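Colleague: just a sequence and a predicted model for now, questions to come.
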Amino acid sequence: MTAHQDSAGSHGERKGPLRLIGLTLTKAWRGSIFSESAEAAFWQALSLAPLMLGLLGLLGYVSDWFGHRVAARVSEEIVRFSETAFSAEVVENIVKPTVAGMLTDGKGAIVSVGFVIALWAGSSAMSSFVDAITVAHDQHGVRHEVWQRIFSLLLYIGSLVLLIIGLPLIAIGPDLLPRFFPDSWHGMIGFWVRMLYYPTLGVLIVLALATLYKLALPRKLPWHRGVPGAILAMAIFLLTSAGLRFYLGGLSATGYTYGALATPVAFLLFLFFIGLAVVGGAYFNAAIEELWPAGPTRRQQRRWRQLELERAHQAARAEDDSQRRHGGTAEAGAGPEADMRYGVEEGGAPDARDAGAARGGGAPDAGARKRDGLAASDTDRLSADRRT
């Protein structure tokens, strides 16, 4: 029985929503959730430029698959996001030309020269999230540190591939989907696409977070155990981002601003709340696991069944070897007795006089000599038949 199972059993009837909220807050406070969120925000800020470098460079190659119109839509979405984080001069002089050139031309030289460095630097944010999730579940140190860093890099590459495929689909989805239906349905389909666009995007983000919560752990839990934390992370992000917008709007109304630092500070706060949401969801999942431990996954069940079969096979083989060793020893020790029994069965049971002669050490009687003579004559007759 594990430690969290003992803790869950000791709580008894106190397993409820209030206990879950209290345990989540306790674990998050002891795990320094604010420090972990700040660390994640720092690495997200440093990873943004390498992420854009790799993403835009690869999108320049795959833009031919989707068409230049799709590349233009993706460019508009990226520039729109950049306007919320950078100044107008930076967007006009750096971001727009870079985005346009990378999406249309593919700038293979930039991707090839700085791609490895960009991948390593861009995976720092993913590494901070993986570390925070493993700490929340008390599994930090289970995976080797070097392998955990490489594992974070692999997760980052996988997420980058999904973004390369998903960004064009997200950009053209609302306009492309109605084309698969008759013309009379275009109005209705377009209405429902606009209504369900952002909820669908939110569901996809929840699924991605649940997958991250599963893959980040060395001792993995079932995938559905990450869904509650992913939903909580989405709720935390929406609430905190709304509060941040309200706070920044209030500062602008009063005339008190950070001046040139206003945009970087707002951007860092935005990244901090992203980290707070992801790490908070991990602690929520850890609290659920402590109160209601999950059963083994299908992979673990298959592994255990395989181990049981291997152990049973080894035990049967050891038992067979033991029986062969003991059987050979018994046959060797019972050799004379077996020969005596074999002779008795072949020649028949000796009478009392033969037995008495054997006990007394004397010669056998006339009956025994007669039987021996008959046996000898039979043997001579068989030998003569073979010679002829």
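Modeller: Perfect, thanks for sending it.

Colleague: quick check: which ranges of the stretch 51-200 of the chain have low pLDDT?
Modeller: 53-54, 56-72, 81-91, 93-94, 98, 100-115, 118, 171-176, 180 (pLDDT under 70).

Colleague: on the three-state scheme, P296 is what?
Modeller: coil (DSSP: H, G, I helix; E, B strand; the rest coil).

Colleague: tally of neighbours for the nearest residue to it once chain neighbours are set aside?
Modeller: Of all residues not flanking P296 in the chain, W304 sits nearest, at 7.0 Å (C-beta to C-beta, 6 or more residues apart in numbering). Bear in mind the C-beta positions are built from the backbone N, C-alpha and C, glycine included. Burial of W304 is recorded as 11 neighbouring residues (other C-beta atoms under 10 Å).

Colleague: where's W304 relative to L154, distance?
Modeller: Applying C-beta to C-beta, to the nearest Å, the value for W304 to L154 is 27 Å.

Colleague: follow-up on the earlier one: ok, the residue nearest to P296 touching R298?
Modeller: No - in this structure, W304 is not within contact of R298 by C-beta atoms under 8 Å, at 10.7 Å.

Colleague: can you report phi and psi for H144?
Modeller: When read as degrees, to the nearest 10, the backbone of H144 gives phi -60, psi 140.

Colleague: that one - how many residues pack around it?
Modeller: 11.

Colleague: and it, how far from P218?
Modeller: 10 Å.

Colleague: next: A45.
Modeller: Distance from A45 to P218, by C-beta to C-beta: 28 Å.

Colleague: now swap in R19 and tell me
Modeller: 27 Å.

Colleague: got it, and D131?
Modeller: From D131 to P218 the distance is 12 Å (C-beta to C-beta).

Colleague: pick out whichever of those two has more residues nearby.
Modeller: D131 (20 against 15).

Colleague: nearest residue to the more buried one in space, please, no chain neighbours.
Modeller: Leaving aside its sequence neighbours, D131 sits nearest to H140 (C-beta to C-beta, 6+ apart; 6.9 Å).

Colleague: same question, L177
Modeller: V193 is the one closest to L177 (C-beta to C-beta, 6+ apart), at 5.5 Å.

Colleague: pretty sure the one you found is touching R179, no?
Modeller: No - using C-beta under 8 Å, V193 is not in contact with R179, being 11.2 Å away.

Colleague: who's more crowded, those two?
Modeller: Neighbours per residue, other C-beta under 10 Å: of V193 and R179, the larger number sits with V193, 16 against 9.

Colleague: and that one, which helix or strand is it part of?
Modeller: According to DSSP states H and E, V193 maps onto helix 186-215.

Colleague: what does W147 give?
Modeller: helix 145-176.

Colleague: next: Y247.
Modeller: Applying DSSP H and E, one finds Y247 within helix 227-254.

Colleague: so that helix versus helix 186-215, what angle?
Modeller: Here the directions of helix 227-254 and helix 186-215 differ by 110 degrees (axes from the mean of the first three to the mean of the last three C-alpha atoms, to 10 degrees).

Colleague: buried ones in the helix or strand just after helix 227-254?
Modeller: Next in sequence after helix 227-254, counting helices and strands by DSSP H and E, comes helix 262-291. Residues 263, 266-291 are the ones in helix 262-291 that count as buried (16 or more other C-beta atoms under 10 Å).

Colleague: so what does helix 262-291 touch, helix or strand wise?
Modeller: If contacts are counted by 3 or more C-beta pairs under 8 Å, 6 or more residues apart in numbering; DSSP states H and E, helix 262-291 sits against helix 3-11, helix 17-30, helix 33-66, helix 108-136, helix 186-215, helix 227-254.

Colleague: surely M234 is in contact with L209?
Modeller: Yes - here M234 reaches L209: they are 7.4 Å apart, a contact under C-beta under 8 Å.

Colleague: looking at those two, which is more packed in?
Modeller: L209 (24 against 17).

Colleague: wait, what's in contact with the more buried one?
Modeller: Residues in contact with L209, defined by C-beta atoms under 8 Å, 6 or more residues apart in numbering, are G226, G229, A230, A233, M234, V278, G281.

Colleague: distance to L167 and pLDDT added to those, as CSV?
Modeller: Formatted as CSV, the contacts of L209 follow (distance: C-beta to C-beta, whole Å; pLDDT from 0 to 100):
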residue, distance to L167, pLDDT
G226, 24, 91
G229, 25, 93
A230, 21, 94
A233, 21, 93
M234, 20, 91
V278, 20, 93
G281, 24, 94
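
Colleague: now render these as TSV, adding distance to R325.
Modeller: Shown next, in TSV, are those (distance: C-beta to C-beta, whole Å):
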residue	distance to R325
G226	53
G229	57
A230	59
A233	62
M234	65
V278	61
G281	59
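
Colleague: tell me the one of the residues you listed nearest S127?
Modeller: The closest of these to S127 turns out to be V278 (C-beta to C-beta; 12.9 Å).
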